[in-house]
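> take a look and give me a structure for this.
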Amino acid sequence: MNKVNESIPWEFVLLGFSDRPWLEFLLFVVFLVSYILTIFGNLAIILVAHLDPKLHTPMYFFLTNLSFLDLCYTTTIIPQMLVNLCNTRKVISYGGCVVQLLISLALGGTECILLVIMSFDRFVAICRPLHYSVIMHQKLCLQLAAACWISGFSNSVLQSTLTLKMPLCGHKVDHFFCEVPALLKLSCVDTTANEAELFFLCLPFLLIPVTLILISYTFIARAVLRIQSAEGQRKAFGICGSHLIVVSLFYGTALYMYLQPPSSTSKDGGKMASLFYGIITPMLNPLIYTLRNKDVKGAFKMLVASVFLMKKQ
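Alright, predicted model coming up:
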């Protein structure tokens with residue numbers, strides 16, 4: 001293998017699912033379909049939320065941020081996976097690996113904070129409905145969204161720097177994309193300090209957000225149970241239920257992947273966890289939010305109807 005120096009390879013081999021070659025065609029089809037669904041589903045949410053004035057609210061502003069984030073996240077990972085599934089030589093350049101690591105970490109960290117902001121928005125809407133428009137004003141929403149993106153990218157630069165400065169022994173990454181736990185396993189030196197740093201850096205992006213979301217939904221549940229109208233309770237539980245499903249899918253797998261030493265993470269377990277928060281969750285988010293939300297379904301039907309009317313004219 002050619003090297004820039006003793007520890008930096010020109011390229012990495014992404015082993016991915018190469019130990020199961022009979023599955024590669026099926027996985028290619030599954031990932032391609034999931035990518036297409038992710039693109040169309042999230043673009044539809046962004047388009048509908050932009051075109052329908054009724055959806056120009058903080059809740060849908062943050063939802064469009066989530067949809068845009070999911071589009072970028074899957075585009076960072078899936079195209080390279082599809083190329084490797086079609087080739088016997090499953091490689092990614094060192095520069096490509098660095099870019100993939102930086103962007104995926106940045107977007108993952110941004111989503112961690114964004115989901116907390118979305119739960120805070122629901123908390124204010126249900127527990128402080130009379131003050132909602134005053135508290136969640138446009139300037140605050142923009143500031144909160146900017147804080148999500150800035151914190152995500154700042155965390156990415158820090159984690160990536162700590163990971164990439166390690167000397168690496170080997171170039172075979174037992175994963176389907178460049179991710180911190182998989183790269184740590186290539187280190188030539190003891191990674192205990194790096195694993196501790198990774199754990200503490202993940203606290204404000206995983207454990208603390210999960211705790212804040214649980215606290216928010218404890219107050220939300222108490223407020224919803226006090227609502228006299230059964231219809232009001234159903235609507236509140238429907239909106240919050242969608243968010244909780246997304247939170248459970250995303251944080252559950254991310255906690256498994258990042259809050260334990262990479263050496264203790266099973267090979268297949270780590271890959272499955274990454275598939276969930278990197279591919280499956282972004283694909284399911286549009287379905288979860290639209291199937292349980294009458295406003296989005298109504299806006300989407302109106303958009304489709306207007307497109308058909310335009311074609312007829």
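> hey, let's count contacts and neighbours off CA atoms from now on
Noted.
> ok, now how distant is N194 from L225?
With the distance defined as C-alpha to C-alpha, to the nearest Å, N194 ends up 46 Å from L225.
> other SSEs contacting the biggest helix by length in the chain?
With DSSP state H setting the assignment, residue counts place helix 94-127 as the longest helix in the chain. With contacts defined as 3 or more C-alpha pairs under 8 Å, 6 or more residues apart in numbering; DSSP states H and E, helix 94-127 has these neighbours: strand 11-14, helix 58-86, helix 132-135, helix 138-164, helix 208-225, helix 230-258.
> and the third one, C-alpha only, in CSV?
Provided in CSV are the C-alpha atoms of helix 132-135 (Å, rounded to 0.1, in the frame of the first residue of the first chain):
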residue,chain,number,x,y,z
TYR,A,132,-46.3,30.5,22.2
SER,A,133,-46.1,33.2,19.5
VAL,A,134,-44.3,35.5,21.9
ILE,A,135,-41.7,33.0,23.0
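> tell me the mean pLDDT for that helix?
What helix 132-135 shows for mean pLDDT is 92.
> do the same with stretch 284-298
So the average pLDDT for stretch 284-298 ends up being 76.
> may I see the buried residues of it?
By 16 or more other C-alpha atoms under 10 Å, the buried positions in stretch 284-298 come out as 284-290, 292, 296-297.
> restrict that stretch to CA atoms and write it as PDB.
What follows is stretch 284-298 as a C-alpha-only set of coordinates in PDB (Å, rounded to 0.1, in the frame of the first residue of the first chain):
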ATOM      1  CA  LEU A 284     -38.800   7.000   7.800                       C
ATOM      2  CA  ASN A 285     -38.900  10.600   9.000                       C
ATOM      3  CA  PRO A 286     -41.100  12.000   6.200                       C
ATOM      4  CA  LEU A 287     -43.500   9.000   6.600                       C
ATOM      5  CA  ILE A 288     -43.700   9.300  10.300                       C
ATOM      6  CA  TYR A 289     -44.400  13.100  10.200                       C
ATOM      7  CA  THR A 290     -46.900  13.000   7.400                       C
ATOM      8  CA  LEU A 291     -48.900   9.900   8.300                       C
ATOM      9  CA  ARG A 292     -49.500  11.200  11.800                       C
ATOM     10  CA  ASN A 293     -50.000  14.800  10.800                       C
ATOM     11  CA  LYS A 294     -53.300  16.000   9.200                       C
ATOM     12  CA  ASP A 295     -51.800  19.500   8.400                       C
ATOM     13  CA  VAL A 296     -49.000  18.000   6.300                       C
ATOM     14  CA  LYS A 297     -51.200  15.500   4.600                       C
ATOM     15  CA  GLY A 298     -53.800  18.200   3.800                       C
END
